[in-house]
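Q: Sequence first, predicted coordinates after that:
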Amino acid sequence: MTASLRLAAAYDCGVAVTDPVSRLAAALTEIAGAPVVLERPGDADHGDYATNVALKLAPTQGRPPRDIAADLAAEALRRELVEAAEPAGPGFLNLHMSDTWLVAALGEILGVGESFGAGTAADPERIQVEMVSANPTGPLTVATARNAAYGDSIARLLSFAGHDVEREYYYNDAGTQMERFYASVEALRRGEEPPDDGYRGEYIAELASLPGDPVPPMLSRIEETLERFRIHFDTWVLQSDVESEIPEAIALLDTYEHDDAVWARTSAHGDDKDRVLIRSDGTPGYFAADAAYIRRKYAKGFDRLVYVLGADHHGYVGRLQALAEMLGHSRNSLEVLIYQLVHLVEAGEARKMSKRRGDVAFLDDLLDTIGVDAARWYLVSRSHDQTIELDVDLAKQRTQKNPVYYVQYAHARIAGILRKAAEEGIAVDLDAPGCALAREERDLVKRLLEFPVLAAEASERRIPHAIPTYAIRVADDFHRFYHQHRVLDSENQKFRLALCLATQQLVARCLDLIGVEAPEQM
RNA sequence: GCGCCCGUAGCUCAGUGGACAGAGCGGCGGACUUCUAAUCCGCGGGUCGGAGGUUCGAAUCCUCCCGGGCGCACCA
């Protein structure tokens, strides 16, 4: 791999990271007088860590980068921060760490245990993450599953970073879509076909066969699916509930009347154009409910409101932030996370999804065929900026090839070792190794040490897909180590057992952050 | 027309200024008497869509162009 893994970005992204690598970076920063970012070089000859700080400083200091690097190296050695340091290439500074340092670092990881990498938020906030929020006109689809997988992982990451997070589901129980939904169910109950613009599908027939309002059973089916998908919502909010608060909200906004309608002057707050609050027929539009809803969210005391929306809603960003601003909050405290859409492919052809036609891939069906772990992994392992093409047929075959099993297998393998160690009465108790650490051991420790900064960055930048990418690297390093070295009955048994335990905890943590299980055996 | 996202290996995708651009899948060839072979090792594979620009240094930043997706309501 190439050099570009950032290991210590604590100085420019507002997080408080205190792991061994970040402390090394901090010490070097003090010497250099400028932020030092450490990377892991791709080439083993380039040391354990490297920094380009001398290249950055060269223009302002008016000295050759290699000279600056040499001075830094000398001072770092004098302070015994590193085992060896030398300038290289155009002005990089390559650092070599001792086994002692790595063993101490591993000890530190085990010392903090489950919370390794946690609590990096410099300024913990109360954050509400609103996600999914599909209207209860039908079961959740594969398309909304991405919203759920992405949003929930964001929530888990924020929470891990130390924020106080609440998950909310907002849905509409009135409006055109719901009227069509009701009309469809009622038509079936009368023994008629659903209207042309109504909803079809088996689930409509099922709802029609039940007595009473079809919405509650529909909602509980949605909630069941979400729980199965390992997502729990703290609060469920009906649009009709917030509608009563529309007048109070509008009173706080910058409004005017035009063509018998009431408008919000959102264009004065960064939006493309003004938006209608009250239609000319006197009824409030959807945007008025949004205003009331946002006001209520802030009134509940949240510092930050996160919306998770599909790319088809990206036009909403400006108007929602305008509302936040008009209601007296920073526009940036209302954050809209946009993910690109999921396109279903079947037999090589695009499959159009329409709930009304009943031509949909439901999340439950996907979970039946590929399982929760593979589904969550798959949906969150791509960048949210990337459109996903999901081939439903292929997804079934692909399960065994999904990298999620590669990562889970690493966890299960370690569990096997630890089980056997426990059977033999061997306690995990880190001790200095009896001989020099092997390359695979050093690589694995360094990999584990990447986690705090990586998790902080994933959280700060809202990029949960960085977690599975990293987890594959961890599993990679572990499988290589495992293949090359015996743990039990080896010269370095104590060190290796400790290394295994730390790796297992970290793999489990990564999987948990994306809602995937860590199996004890496979 | 305007706005947002994307274009990296045959396929699916990592990589938001640094050293020869990476992984998985697929292809070919090797490795189980061991704590799990759902693993490991090797080989092949690239005009980073194109052209300019900024920089000591660009897949990464800027401009333009080409291609694809999604939006631009007194709908929700």
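A: Arrived safely.
Q: Please count neighbours and contacts with C-alpha atoms only from this point.
A: Fine.
Q: Which strand or helix spans A:I127?
A: For A:I127, the element it lies in under DSSP states H and E is strand A:126-130.
Q: for A:Y169, same thing?
A: Element membership of A:Y169, judged by DSSP H and E, is strand A:164-171.
Q: who touches the strand holding A:I127?
A: Strand A:126-130 is touched from outside by A:151, A:155, A:163-170, A:301-308, with contacts defined as CA atoms under 8 Å, 6 or more residues apart in numbering.
Q: Any of the residues you listed buried? List them.
A: With neighbours counted by 16 or more other CA atoms under 10 Å, the contacts of strand A:126-130 contain buried members at A:151, A:155, A:163-170, A:302-308.
Q: which residue ranges form the strands in chain A?
A: Per DSSP state E, chain A carries strands over the ranges A:49-51, A:84-88, A:92-96, A:126-130, A:164-171, A:235-238, A:255-258, A:261-264, A:275-278, A:304-310, A:334-339, A:342-346, A:349-351, A:388-391.
Q: Let's have these in CSV, adding mean pLDDT.
A: Shown next, in CSV, are the strands of chain A (pLDDT from 0 to 100):
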stretch, mean pLDDT
strand A:49-51, 93
strand A:84-88, 92
strand A:92-96, 94
strand A:126-130, 98
strand A:164-171, 97
strand A:235-238, 95
strand A:255-258, 94
strand A:261-264, 96
strand A:275-278, 96
strand A:304-310, 97
strand A:334-339, 96
strand A:342-346, 79
strand A:349-351, 63
strand A:388-391, 84
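Q: Contact residues of the stretch 251-400 of chain A facing RNA strand B?
A: Applying CA under 7 Å from any atom of the strand, we find that the stretch 251-400 of chain A lies next to RNA strand B at A:258-261, A:275-276, A:278-281, A:285-287, A:311-315, A:340-341, A:382-389, A:400.
Q: Return a ChimeraX selection command for the buried portion of the residues you listed.
A: Restricted to buried positions by 16+ other CA under 10 Å, the ChimeraX selection for those reads:
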select /A:261,275,276,278,279,286,287,311,340,341,382,383,384,388
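Q: and the residues of the stretch 251-400 of chain A next to RNA strand B, which of them are in helices?
A: Among those, the members found in helices (DSSP state H) are A:Y286, A:F287.
Q: pLDDT below threshold where in chain A?
A: For chain A, the stretches with pLDDT under 70 are A:1-17, A:346-360.
Q: The same query, at a cut-off of 50, please.
A: For chain A, applying pLDDT under 50 flags the ranges A:1-14.
Q: so what's the spatially most central residue of it closest to, chain neighbours aside?
A: The structure's chain A has its C-alpha centroid closest to A:P464; by CA atoms, centre = their mean the separation is 2.6 Å. Using CA to CA, 6 or more residues apart in numbering and skipping the chain neighbours, the partner closest in space to A:P464 is A:A458 (5.6 Å).
Q: hang on, that neighbour packs against A:T469?
A: No - shown here, A:A458 and A:T469 do not form a contact pair, counting by CA atoms under 8 Å, at 11.0 Å.
Q: Give the residue from these two that has the larger number of neighbours.
A: Between A:A458 and A:T469, counting by other CA atoms under 10 Å, A:A458 is the more crowded of the two (19 against 14).
Q: Distance of the residue nearest to A:P464 relative to A:A311?
A: 20 Å (CA to CA, to the nearest Å).
Q: mind giving me the domain split of chain A?
A: By the assignment in automatic domain parsing, chain A contains the domains A:20-97, A:131-243+A:340-398, A:402-513.
Q: any idea how far the second one is from the chain center?
A: On the basis of CA atoms, centre = their mean, to the nearest Å, domain A:131-243+A:340-398 sits 20 Å off its chain's mean C-alpha point.
Q: which residues touch A:F495?
A: A:V103, A:D429, A:L430, A:D431, A:A432, A:P433.
Q: if you set the cut-off to 10 Å instead, what comes out?
A: A:F495 makes contact with A:103, A:106-107, A:428-434, A:437, A:441, A:487, according to CA atoms under 10 Å, 6 or more residues apart in numbering.
Q: Then A:E179?
A: Applying CA under 10 Å, 6+ apart, we find A:E179 in contact with A:T137, A:D173, A:G198.
Q: Wait, the last one touches A:F181, no?
A: It refers to A:G198. Yes - taking contacts as CA atoms under 10 Å, A:G198 lies within contact range of A:F181: 6.2 Å.
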